[in-house]
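Colleague: let me see the structure of the following:
(one chain, ligands or ions: 1)
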Amino acid sequence: MTTLAPVRTIGIFGGGQLGLMLGNAARPLGIMTVFLEDSPNCPASLTGQVFTSTQSDRFESMCDTFTLEFENTPLEHANHIEKNHKLFPSSHALLIAQDRLNEKNLFNELGITTVPFLSVNDLDGLRHACQQLGLPLVLKTSRGGYDGKGQFVIRTIDDIITAWDELGEATKIAPLIAEGFIDFSREVSIIAVRSQTGEIRYYPLVENTHSNGILVKTVAPAPNSDHLTWQAQQNIKKLLEHLDYVGVMTLELFVTDAGLIANEIAPRVHNSGHWTIEGAVCSQFENHIRAVAGLPLGSTDITQPSVMINIIGQFPDPSQLLAISGVHFHHYHKEERAGRKIGHITIMTGDELLNDTVNQAIECLPNRLGL
Ligand code: AMP
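Modeller: Next up, the predicted model:
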């Protein structure tokens, strides 16, 4: 077996709340985290030193190994780091995950079911896609979209021009992707972690609710999902092994009558795994740090069924929320702004009161987002 050099400092690209939670998980392991991020007062600054892009040499010189919390970490940064250091996940995994067309082509190559899709370069190409795939369809930018941004649902022929006016500009950077509109019954995700020795551990499948493309609620484990677990695990295993991936990966899936359909991967810890901080033996954040540092992985077993709810736009009164037994509150130290994820709560009561407690907690939120 290879002996891995002890890791004392991990350099993380990005400094948002995922970085904050990675830093919090690293500290008890005796591992320091530092961040490359252009906002010095970012959430991760609470847990480690932040370097801006003009200080990237110092960032690089301080760290034994590197990872990321920002999916759109520029590929040139990743390629540069890989010349002299280890980066987990690799720039190749990033190249795939940053582009929806690359991602879906790889899914199909590996036998993972996707929606039918076509690449779109121009307005004629969009008209052709509408004929081939039928309406409605979802037109998306292949790069840079997040939380439902960069998407347009084309429902009638009259929407084609409006959709093109909105998204056509993006074809100067990369083609758009037109996807058949899926009539799914629910959305689920699976998070798995792969170590440097190739061991894979899976968290249970969870059910996700979105509002305007933004995740608002995760239920762990996903109810009535035992029959879906094997397929989800096989899908993410194929991706992890094909990419020789190290660290946490998330696969988002649609549940349909015909089974699971893969939507996208995130090459990082994920919002749908925040419940693991309290609800799993070893959180997604700690397992990612363990994998990147070459340490043995921890158990992904669930300790108690949990429900995670995002705090979006406006903070609730924390004392009102914390008066409810079973509520854990996470504040990201971000300013309030419409549509912005600024915190989350995880609710776990360990008994049949879970749903009632979730409803009580939702009552405390100023922005309930249809929950
Ligand atoms: P995405 O950025 O691909 O995760 O999309 C954001 C949300 O839009 C998803 O969570 C779904 O709720 C919805 N969505 C995305 N793609 C499709 C599709 N092909 N058909 C139906 N709904 C979709």
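
Colleague: what's the longest helix in the protein?
Modeller: helix 226-242 (DSSP state H).

Colleague: packing partners for it?
Modeller: Other helices and strands packing on helix 226-242, by 3 or more Cβ pairs under 8 Å, 6 or more residues apart in numbering; DSSP states H and E, are helix 100-109, strand 186-194, strand 200-202, strand 247-256, strand 259-266. Glycine gets a C-beta too; all of them are placed from N, C-alpha and C.

Colleague: reformat these as JSON lines; add mean pLDDT.
Modeller: Compiled in JSON lines, these are given as follows (pLDDT from 0 to 100):
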{"stretch": "helix 100-109", "mean pLDDT": "98"}
{"stretch": "strand 186-194", "mean pLDDT": "98"}
{"stretch": "strand 200-202", "mean pLDDT": "98"}
{"stretch": "strand 247-256", "mean pLDDT": "98"}
{"stretch": "strand 259-266", "mean pLDDT": "97"}
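
Colleague: select, out of these, the one closest to Ala361.
Modeller: Across the helices and strands packed on helix 226-242, Ala361 has its closest neighbour in strand 186-194 (21.3 Å, Cβ to Cβ).

Colleague: then the longest helix of the chain to CSV, C-alphas only?
Modeller: Provided in CSV are the C-alpha atoms of helix 226-242 (Å, rounded to 0.1, in the frame of the first residue of the first chain):
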residue,chain,number,x,y,z
ASP,A,226,-35.0,1.5,-1.5
HIS,A,227,-35.8,0.3,-5.0
LEU,A,228,-33.9,3.3,-6.5
THR,A,229,-30.8,3.1,-4.4
TRP,A,230,-28.9,0.4,-6.3
GLN,A,231,-29.3,2.2,-9.6
ALA,A,232,-28.2,5.5,-8.1
GLN,A,233,-25.1,3.9,-6.5
GLN,A,234,-24.2,2.1,-9.7
ASN,A,235,-24.4,5.3,-11.7
ILE,A,236,-22.2,7.4,-9.4
LYS,A,237,-19.8,4.5,-9.0
LYS,A,238,-19.3,4.4,-12.8
LEU,A,239,-18.5,8.1,-12.8
LEU,A,240,-16.2,8.0,-9.8
GLU,A,241,-14.2,5.1,-11.2
HIS,A,242,-14.1,6.4,-14.8
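
Colleague: what residues sit buried inside it?
Modeller: Neighbour-count burial for helix 226-242 flags 228-229, 231-233, 235-240 (criterion: 16 or more other Cβ atoms under 10 Å).

Colleague: one step back: and the helices and strands packed on helix 226-242 as JSON lines, adding distance to Ser272?
Modeller: As requested, these are arranged in JSON lines below (distance: least, Cβ to Cβ, whole Å):
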{"stretch": "helix 100-109", "distance to Ser272": "17"}
{"stretch": "strand 186-194", "distance to Ser272": "4"}
{"stretch": "strand 200-202", "distance to Ser272": "13"}
{"stretch": "strand 247-256", "distance to Ser272": "7"}
{"stretch": "strand 259-266", "distance to Ser272": "9"}
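
Colleague: present these as TSV; the columns should include distance to the ligand.
Modeller: Output for the helices and strands packed on helix 226-242, formatted as TSV (distance: least, Cβ to the nearest ligand atom, whole Å):
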stretch	distance to the ligand
helix 100-109	7
strand 186-194	5
strand 200-202	21
strand 247-256	6
strand 259-266	5
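
Colleague: mean neighbour count added to those, as JSON lines?
Modeller: JSON lines is the format used below for these (neighbours: other Cβ atoms under 10 Å):
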{"stretch": "helix 100-109", "mean neighbour count": "18"}
{"stretch": "strand 186-194", "mean neighbour count": "24"}
{"stretch": "strand 200-202", "mean neighbour count": "17"}
{"stretch": "strand 247-256", "mean neighbour count": "23"}
{"stretch": "strand 259-266", "mean neighbour count": "20"}
